[in-house]
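>>> need a structure here:
(2 chains)
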Amino acid sequence: ETGVTQTPRHLVMGMTNKKSLKCEQHLGHNAMYWYKQSAKKPLELMFVYNFKEQTENNSVPSRFSPECPNSSHLFLHLHTLQPEDSALYLCASSQDPQAGETQYFGPGTRLLVL
Amino acid sequence: LAKTTQPISMDSYEGQEVNITCSHNNIATNDYITWYQQFPSQGPRFIIQGYKTKVTNEVASLFIPADRKSSTLSLPRVSLSDTAVYYCLVGSSGYSTLTFGKGTMLLVSP
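From the prediction side, this is the model:
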């Protein structure tokens, strides 16, 4: 248990569906992250939030829409996804968004797009 | 961010000590070296972090030579449950984030 929870753990959706992934951290951290991990590929950073403000968007397609209502919660809204978007989506948090800070990861959401 | 190079995979047996070396020739003065462990279908988990010389915790040791161009993660007496991917990351303070490479897949056999 890392103090970062993600729901759902598994999700199957069609390309026309709209779904949302939820992440919650109980560590009092200020920074939260979304990562994507495809099969046999390194983790890809998608978004970074610091004090609820988005600070990085690594050229992520607009069909992925993040939302950070407060420092403890992070959402990833999904719509009109493609099969190649199937992956493990990981949420992480750290005290601050600095590379020297330890990131605490949630268990991930395994997404399958049909 | 400094680029890291580590072996794609390593094999070991239970009870052995495993040393995984990571090269980071372009490490900057302010960069820290951090190692994470990841099991299949789980998020990475912090193992250890260091800046120079040697750091030890209850899980592993991290050896960093004086030039800091490489680092070695040492896992004492591995068990089957240590089978995982190990990532070496290098980064410094500032408004940037760690970049995960491909990691080292460690397979521990009986």
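
>>> For chain B, see how far away A:Cys23 is.
11 Å (C-beta to the nearest C-beta, to the nearest Å). The C-beta positions use only the backbone N, C-alpha and C, and glycine is treated the same way.

>>> Would you confirm that that residue belongs to a helix?
No. Counting by DSSP: H, G, I helix; E, B strand; the rest coil, A:Cys23 falls outside a helix, being strand.

>>> Bridge partners for it, pull those for me.
Counting by DSSP bridges, A:Cys23 forms beta bridges with A:Gln6, A:Leu74.

>>> you'd agree B:Val55 is up against B:Ile48?
Yes. The criterion here is C-beta atoms under 8 Å, and B:Val55 meets it with B:Ile48 at 6.0 Å.

>>> Of these two, which one has the most company?
B:Ile48 (21 against 16; other C-beta atoms under 10 Å in any protein chain shown).

>>> ok, now which ones touch that one?
B:Ile48 is in contact with B:34-35, B:55, B:57, B:59-62, B:73, counting by C-beta atoms under 8 Å, 6 or more residues apart in numbering or on different chains.

>>> Tell me if stretch A:30-43 is near chain B.
Yes. On the criterion C-beta under 8 Å from any C-beta of the partner chain, stretch A:30-43 is in touch with chain B at A:33, A:35, A:42-43.

>>> Between the two ends of that stretch, how far is it?
21 Å (C-alpha to C-alpha, to the nearest Å).

>>> can you pull the buried residues of that stretch?
A:30-37, A:43 (16 or more other C-beta atoms under 10 Å in any protein chain shown).

>>> Report the contact partners of B:His24.
With C-beta under 8 Å, 6+ apart, B:His24 has these contacts: B:2-5, B:31, B:33, B:68-71, B:88, B:90.
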